[in-house]
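In: task: produce atomic coordinates for the following.
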Amino acid sequence: MPIQVADTHGDSEFAQSRTGLLFNLPQPDPDVAQLPEGISLCMIVKNEEKFLPECLASLKDVVDEICIVDTGSTDRTVEIAREHGAKIEFREWRNDFSWARNESLAMATRRWTVVLDADEELMSESVHLLRSLRTVPAGVTAVYLQIVNQVDDYSGAGTLSHNLPRIFPTNP
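Out: Purely as a prediction, here's the structure:
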């Protein structure tokens, strides 16, 4: 599934009068220490050899580290992740998605975290914008992405959309 990142308010007069930061992010507290510049990609995977190569390839010029929690793959998923330089932790699936996600987030060491699923790919036109985030000071504000899924339901085809916080500061 293609993922496009866009700053729809960045060029607006309102945004420029507010902070001037990418995505109109608020200025963080200057007394809060910043993690090293960069972006950590955090993922949970299991048997994703079909999708993982394209996902990771779409982010190769964007993220500074890849943090993967594998919950029991029996295919080439781990090998593919290693080929892309990922740090991998192995966790037995506990039927708890949030626990597994938190395990991957705990691996992040860079200023910003991006969360994607293995069947998602960053669209090439989003690379420059997301790379620009690497140096932006981080506070406590997340960037929500509007996810639009093409669905095949009983009536033929349609769309399902929702907003999710997929880009956020790396902090406890």
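In: look up how far residue 76 lies from the spatially most central residue of the chain.
Out: Centroid-nearest residue in the chain: residue 114, 2.2 Å away (criterion: C-alpha atoms, centre = their mean). Using C-beta to C-beta, to the nearest Å, we find residue 114 at a distance of 23 Å from residue 76. C-beta: built from backbone N, CA, C; applies to glycine.
In: how far out from the middle of the chain is stretch 33-40?
Out: Centroid separation for stretch 33-40 versus its chain: 14 Å, with C-alpha atoms, centre = their mean, to the nearest Å.
In: that stretch - what's its average pLDDT?
Out: What stretch 33-40 shows for mean pLDDT is 95.
In: ditto for stretch 97-111
Out: Stretch 97-111 comes out at a mean pLDDT of 96.
In: buried set for that stretch?
Out: 100, 103-105, 107-108, 110-111 (16 or more other C-beta atoms under 10 Å).
In: you'd agree the residue nearest to the centre of the chain is up against residue 40?
Out: Yes - using C-beta atoms under 8 Å, residue 114 is in contact with residue 40, at 7.2 Å.
In: could I have stretch 110-121 exported to PDB, CA atoms only?
Out: Only the C-alpha atoms of stretch 110-121 are listed here, as PDB (Å, rounded to 0.1, in the frame of the first residue of the first chain):
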ATOM      1  CA  ARG A 110      16.900   8.700  16.800                       C
ATOM      2  CA  ARG A 111      14.900  11.900  17.300                       C
ATOM      3  CA  TRP A 112      11.900  10.900  15.200                       C
ATOM      4  CA  THR A 113      10.100   7.600  14.900                       C
ATOM      5  CA  VAL A 114       8.100   6.400  11.900                       C
ATOM      6  CA  VAL A 115       5.900   3.400  12.100                       C
ATOM      7  CA  LEU A 116       4.900   1.400   9.000                       C
ATOM      8  CA  ASP A 117       3.500  -2.000   8.300                       C
ATOM      9  CA  ALA A 118       5.500  -4.300   6.100                       C
ATOM     10  CA  ASP A 119       2.800  -4.100   3.300                       C
ATOM     11  CA  GLU A 120       3.200  -0.300   3.100                       C
ATOM     12  CA  GLU A 121       5.700   1.700   1.000                       C
END
